[in-house]
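>>> got a predicted structure here, sequence first:
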Amino acid sequence: MRSVFFVAAILLIGGCASERTVLVNSRGDELTCETTGGGIFGAAATGYEQNHCISEAEQRGYRVK
């Protein structure tokens with residue numbers, strides 16, 4: 001039973017997340033928002049960072065491709 005908890009803890013701590021979004025502007029220029037995070041807190045922050053990157057790009061005239 002202890003080994004199950006140990007493995008679950010390792011997976012939570014050692015997990016990672018990655019997101020990638022390509023945006024394009026009216027001239028056809030592409031911009032890539034790519035974020036990664038490791039561990040439970042890094043993986044949770046990945047979504048926030050990705051949304052922030054996309055929001056800033058949209059303010060500069062880019063849209064999701």
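Thanks, I have the structure now. Numbers count the residues shown, from 1 in each chain.
>>> list the buried residues in the lengthiest helix in the chain.
Across the chain, the longest stretch assigned as helix under DSSP state H is helix 39-59. The neighbour-count check on helix 39-59 (16 or more other Cβ atoms under 10 Å) flags 43, 46, 49-50, 53-54, 57 as buried. Any C-beta I mention is one placed from the backbone N, CA and C, and that applies to glycine too.
>>> so which elements touch that helix?
With contacts defined as 3 or more Cβ pairs under 8 Å, 6 or more residues apart in numbering; DSSP states H and E, helix 39-59 has these neighbours: helix 2-14, strand 16-24, strand 30-38.
>>> for the record, mean pLDDT for the helix or strand just after that helix?
Later in the chain than helix 39-59, the nearest helix or strand by DSSP states H and E is strand 63-64. Averaging pLDDT along strand 63-64 gives 98.
>>> try stretch 20-37
When pLDDT is averaged along stretch 20-37, the result is 96.
>>> could you dump the longest helix of the chain to CSV, C-alpha only?
The C-alpha coordinates for helix 39-59 follow below in CSV (Å, rounded to 0.1, in the frame of the first residue of the first chain):
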residue,chain,number,x,y,z
GLY,A,39,5.9,19.5,-11.2
ILE,A,40,2.5,20.1,-9.8
PHE,A,41,2.8,23.9,-9.5
GLY,A,42,4.6,24.4,-12.9
ALA,A,43,2.0,22.3,-14.7
ALA,A,44,-0.8,24.4,-13.1
ALA,A,45,0.9,27.7,-14.1
THR,A,46,1.3,26.5,-17.7
GLY,A,47,-2.4,27.3,-18.6
TYR,A,48,-2.1,30.8,-17.1
GLU,A,49,1.1,31.6,-18.9
GLN,A,50,-0.3,30.3,-22.2
ASN,A,51,-3.5,32.4,-21.9
HIS,A,52,-1.4,35.5,-21.0
CYS,A,53,0.8,34.9,-24.1
ILE,A,54,-2.2,34.6,-26.4
SER,A,55,-3.9,37.6,-24.9
GLU,A,56,-0.8,39.8,-25.5
ALA,A,57,-0.5,38.5,-29.1
GLU,A,58,-4.2,39.3,-29.8
GLN,A,59,-3.7,42.8,-28.5
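>>> okay, angle between that helix and strand 30-38 too, please.
Interaxial angle of helix 39-59 relative to strand 30-38 (axes from the mean of the first three to the mean of the last three Cα atoms, to 10 degrees): 160 degrees.
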